[in-house]
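1. Please find the sequence and the predicted model below.
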Amino acid sequence: MALELFLNHLLGDFDNSRQVEAETRAGSRAHPWAKHVTRLFDRLDNYEPRTDLPGVYVLEESYYNTVDGQDKIKPLFFYFGTNADGDVVLESYIVPTDSVGGKVEDVRNDNEEYRVDCLNLKRSNFPATAYVYYATEGSFSLKGSCKLPNGMLFTLD
C-alpha cells in the first residue's frame, strides 16, 4: 500500500519552471532549472525478484540548466521496496551505462537500447533509507545521510 502510494507521487514528469521564472522576474535566480522524468524501469537482464525487499526499479532522468547557463544531465537509478514494517525503502545504485557505451546522455526511459544487467549493479555510497508513511498526515518522512568523497556530509531529512 505505502509503496504504491509513494510511486504515485514519484513517477511522472516534473520541472521547476515556475520557481525559476519567479526568481528571474525578481532579479535573484538562485536555483537551476530542473526537469525530472521518472519511470518504472523493467529492461533488466539477469533479474531475479527479491524476496527480502519486494519492489521495483526506477530510472529518474534529471536535466539541469544552471544559473550560469550550463546544461547538465544526471540520471539516477533506484530500487524501491517494502520492508517488513511496511515502510518504503530506497536503495540507490551507480547508474549503469554499459549498454549505451558509457554515454550518460543515452540513459533514458525512452531509449529501448538502454538495459541494465542486474548482476553488475553496484550500490551507491548512499545507505538504504526507509521512507515512513504517516497516514494521519498523508505524508512520507525520511532521514538519511552519506559521507561524500570530498568529506562533506549529505543529509536528507
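-> That came in fine, so what should we check first?

2. Please, where are all the strands along the protein?
-> Using DSSP state E, the strands found in the chain span residues 12-15, 33-41, 44-45, 55-65, 71-73, 76-82, 88-93, 116-117, 129-134, 139-142, 144-147, 153-156.

3. Could you export those as JSON lines, including mean pLDDT and distance to S99?
-> In short, each C-beta sits where N, CA and C put it, glycine included. Listed next are those as JSON lines, based on pLDDT from 0 to 100; distance: least, CB to CB, whole Å:
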{"stretch": "strand 12-15", "mean pLDDT": "96", "distance to S99": "23"}
{"stretch": "strand 33-41", "mean pLDDT": "96", "distance to S99": "12"}
{"stretch": "strand 44-45", "mean pLDDT": "96", "distance to S99": "9"}
{"stretch": "strand 55-65", "mean pLDDT": "96", "distance to S99": "12"}
{"stretch": "strand 71-73", "mean pLDDT": "93", "distance to S99": "17"}
{"stretch": "strand 76-82", "mean pLDDT": "94", "distance to S99": "12"}
{"stretch": "strand 88-93", "mean pLDDT": "91", "distance to S99": "14"}
{"stretch": "strand 116-117", "mean pLDDT": "96", "distance to S99": "7"}
{"stretch": "strand 129-134", "mean pLDDT": "77", "distance to S99": "27"}
{"stretch": "strand 139-142", "mean pLDDT": "76", "distance to S99": "30"}
{"stretch": "strand 144-147", "mean pLDDT": "69", "distance to S99": "27"}
{"stretch": "strand 153-156", "mean pLDDT": "72", "distance to S99": "28"}
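
4. Show me the one of these that comes nearest E21.
-> Checking the strands of the chain against E21 by CB to CB gives strand 33-41 as the closest, at 9.2 Å.

5. in that closest one, what counts as buried?
-> Counting neighbours by 16 or more other CB atoms under 10 Å, one finds that the buried residues in strand 33-41 are 33-34, 36-39, 41.
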